[in-house]
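K.L.:
attaching a predicted model along with its sequence, questions to come.
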Amino acid sequence: DSAWGKVLVFDRKNHKFSVIGESGAGILSKPLGVTTDSLNNVYVTDSAQNRVIVYDKDGNFIKAMGKQGTFEQPVGIALNEEAGQVYVVDTRNHNIQVMDMDGNVVKTIGQRGTMDGEFNFPTNIDVSKDGTVYVMDSFNFRVQVFDKDGAFLKKFGGVGTGFGMFSKPKGIALDSEGHIYVVDAAFN
């Protein structure tokens with residue numbers, strides 16, 4: 001909940017509700033992206049504090065990632081645990097910061113532009129089981145696809161109102177069968 005500045009947790013199995021990021025070192029201001037790892041640790045991007053905050057499965061603060069100046073506005077986040085990488089979309093820097101699990105930047109993918117591998121206000125990201133990276137390149141109205149090492153593979157989409165075109169794309173997700181889902185705010 002970016003307006004309230006908290007992550008809301010709905011535990012359907014145990015019929016419980018909890019909140020992450022209310023106080024202490026893990027307090028949140030403007031959470032925008034969230035993902036989990038295989039241990040159910042929760043990774044949250046906070047675009048007001050320009051950092052990633054990691055909590056355990058019970059919502060306790062573990063660590064913050066992103067030293068001063070690393071991010072300008074982190075939004076989307078995804079993990080490739082097998083490779084030990086955290087991918088953070090920095091929308092104002094028009095790139096993807098690739099970090100190790102300790103929070104050290106090991107690589108940057110992209111810069112501002114319209115060419116293959118360049119971004120214009122990217123927003124969200126997901127990683128397939130084989131490590132392929134899918135990035136919602138929002139103001140270029142497309143999805144860009146990279147290999148596990150960050151090399152450009154392909155792109156699809158474009159601005160428009162027809163099938164496969166976008167107007168205000170924001171979110172992206174993959175399912176276990178390889179389907180790609182894109183949320184377009186203008187098309188509801």
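P.N.:
Perfect, I can see it now.

K.L.:
other SSEs contacting the strand or helix carrying residue 106?
P.N.:
Following DSSP states H and E, one finds residue 106 within strand 105-109. Contact partners of strand 105-109 among helices and strands, from 3 or more CB pairs under 8 Å, 6 or more residues apart in numbering; DSSP states H and E: strand 95-100. No exception for glycine: its C-beta is placed from N, CA and C like everyone else's.

K.L.:
mean confidence for the strand holding residue 106?
P.N.:
What strand 105-109 shows for mean pLDDT is 97.

K.L.:
paired strands for that strand, with orientation please.
P.N.:
Strand pairing for strand 105-109, using DSSP bridges, gives strand 95-100 (antiparallel).

K.L.:
now the strand it pairs with: mean pLDDT?
P.N.:
For strand 95-100, mean pLDDT rounds to 97.

K.L.:
what does stretch 161-180 give?
P.N.:
Per-region confidence: stretch 161-180 scores 92 on mean pLDDT.

K.L.:
buried residues in that stretch, which are they?
P.N.:
For stretch 161-180, a neighbour-count test (16 or more other CB atoms under 10 Å) marks 165-166, 169-172, 174 as buried.

K.L.:
sort out for me which of those are in helices.
P.N.:
With DSSP state H as the criterion, helices contain none of the buried residues of stretch 161-180.

K.L.:
so who does the closest residue to residue 7 other than its chain neighbours touch?
P.N.:
Nearest non-adjacent residue to residue 7, counting by CB to CB, 6 or more residues apart in numbering: residue 20, 4.1 Å away. Residues in contact with residue 20 (CB atoms under 8 Å, 6 or more residues apart in numbering) are 6-9, 26, 28, 42, 44, 55, 59.
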